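Fold the following and give me the result.
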Amino acid sequence: MVVSIISLIIEGNYVINFLLSLYLVFSPFILLTFKSKAIGSYFENGFLKQFIKVFTFVLAIVNLSAFIFATIELSTAAYPEDVFTGLYGKGGFGSHSLSIINLVVSLYYFYNKKIKKFVLFLICGILGFYGLGLIILIFSISILGIPYLIKKTKLVLQTAALSMIFLGVIYTVNPKNIDYIALNISYVTDTFKSFKYEAEMDKVKNYERTFVPRYITFMYGTFKLYFSNPKVFVLGTSPGTYNSRTAFYLNGDLIASEFIKKNFNYKPTYHLKYVYPILNRKLLTSKKWNDGTRNQPFSSIITVFLEYGFIVGCLFFLIFFRKIRNIRKMTNSESAKNYIKFLSIFLIIFFIVQNHLEYPEIIIFFILVFKFIDIDNVNERFNNPVFSSKKYLE
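The predicted structure is shown next:
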């Protein structure tokens, strides 16, 4: 905190950015890491199962409304990937947020061997038209499967077959997702052929279309700044002043609120130089195909390390993921352990390529799952004479 306050003073006293960033970044951190205690009266099957039961009931209603809404709007919508929202609405990431939630819920049922529900929520996740979410889902599952696949040739073949079926389902339900993924891969390969940072920044400043993903340009400029500026490395640029959701929310450009545009419109130094040129309204509207995940300078890991500095960044993620690991170690349920491992990998990748740490409507599901498993672990030991002790419950 002291480090962040010093950086705040040095970088121009962006107090509103500072406070909003603290709220968005540290609320999930505090909720996850505070110590859980045994609850005398608890659900017979545990808090996690009860939470999932209620949550998925509500999610099923939202999905049904989204399907009805999409059916009505699909023929007239300018951007069909935005129509699977229904009761959820289009706030935040809209259908993409709903897609993420459906995908991670589907894996809960997969690990609990409830295949019908797995398939149902998986299809709803695909209908959200979120190509990046599907890539990360497949990548996370692949990472989890590597140790087992090395040992079992038969399982390798089964997994390959399952992957082909999975891709077939995606292509059948939404072929544009596959085309979009292939297009993004081709853009990434272009990066290694002709990338020059200064040339790419000149293009965005002149509002030209960029074929190299601007996320790559953003990362290059960020690393260049981070490792060449000792002050930024140690103290950060100050919370809410680089690439965070807060920085974009208060820069008065992409936000729809006229009140925010009129009363805030803050563009801190480093945000204005390294981030704002890469994503702004004029750039997005000047040329077609200038938007998309590949062109967004979002990353929760970059946000924490750049805005809070190296020391705070290391401590934040070390404590955050160590807590998740400890919850997993204390869990007796094999399905819960596997699900925690999947969610951990999924979160790590998403923190690298998106700023979902600062989206409560997304991160809250992950945090509540971890927290309810943690409470179930404590309750299990409280009701087991072998583990029960005054010291443990204090």
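
mind listing what the nearest residue to residue 382 once chain neighbours are set aside touches?
Excluding its sequence neighbours, the residue lying closest to residue 382 (C-beta to C-beta, 6 or more residues apart in numbering) is residue 38, at 3.6 Å. For glycine as for every other residue, the C-beta is placed from the backbone atoms N, C-alpha and C. By C-beta atoms under 8 Å, 6 or more residues apart in numbering, the residues touching residue 38 are 378, 379, 381, 382, 393.

Now, of these, which are buried?
The neighbour count (16 or more other C-beta atoms under 10 Å) marks 378, 379, 381, 382 as buried among the contacts of residue 38.

In helices, which of those fall?
378, 379, 381, 382 (DSSP state H).

mind checking pLDDT for the first one?
So the one you mean is residue 378. You'll see residue 378 listed with a pLDDT of 88.

Distance of it relative to residue 111?
Per C-beta to C-beta, to the nearest Å, residue 378 is found 22 Å from residue 111.

Flag the shaky bits of the stretch 51-200 of the chain, pLDDT-wise.
Regions of the stretch 51-200 of the chain meeting the criterion pLDDT under 70 cover residues 74-81, 88-93, 148-156, 158-159, 170-171, 173-178, 180-181, 184-185, 187-193.

Which parts of it are helices?
95-111, 115-126, 131-151, 153-173, 175-194, 197-205 (DSSP state H, counting those that start in this stretch).

would you turn those into CSV with distance to residue 346 and mean neighbour count?
Below are the helices of the stretch 51-200 of the chain laid out as CSV (distance: least, C-beta to C-beta, whole Å; neighbours: other C-beta atoms under 10 Å):
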stretch, distance to residue 346, mean neighbour count
helix 95-111, 7, 23
helix 115-126, 12, 19
helix 131-151, 5, 17
helix 153-173, 16, 13
helix 175-194, 17, 14
helix 197-205, 30, 16
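
Take those helices and lay them out in a markdown table including distance to residue 223.
Shown next, in a markdown table, are the helices of the stretch 51-200 of the chain (distance: least, C-beta to C-beta, whole Å):
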| stretch | distance to residue 223 |
| --- | --- |
| helix 95-111 | 27 |
| helix 115-126 | 32 |
| helix 131-151 | 21 |
| helix 153-173 | 33 |
| helix 175-194 | 14 |
| helix 197-205 | 10 |
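
Out of these, which gets nearest to residue 34?
helix 95-111 (22.8 Å; C-beta to C-beta).

how about the CA coordinates for that closest one, as CSV?
In CSV, the C-alpha atoms belonging to helix 95-111 read as follows (Å, rounded to 0.1, in the frame of the first residue of the first chain):
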residue,chain,number,x,y,z
SER,A,95,-22.5,-12.6,-24.3
HIS,A,96,-18.8,-13.3,-23.8
SER,A,97,-19.1,-13.1,-20.0
LEU,A,98,-22.1,-15.5,-20.2
SER,A,99,-20.0,-17.8,-22.4
ILE,A,100,-17.1,-17.9,-19.9
ILE,A,101,-19.5,-18.8,-17.1
ASN,A,102,-21.2,-21.5,-19.1
LEU,A,103,-17.9,-23.1,-20.1
VAL,A,104,-16.5,-23.3,-16.6
VAL,A,105,-19.8,-24.6,-15.3
SER,A,106,-19.8,-27.3,-18.0
LEU,A,107,-16.5,-28.5,-16.7
TYR,A,108,-17.8,-28.8,-13.2
TYR,A,109,-20.4,-31.3,-14.5
PHE,A,110,-17.7,-33.0,-16.6
TYR,A,111,-15.6,-33.7,-13.5
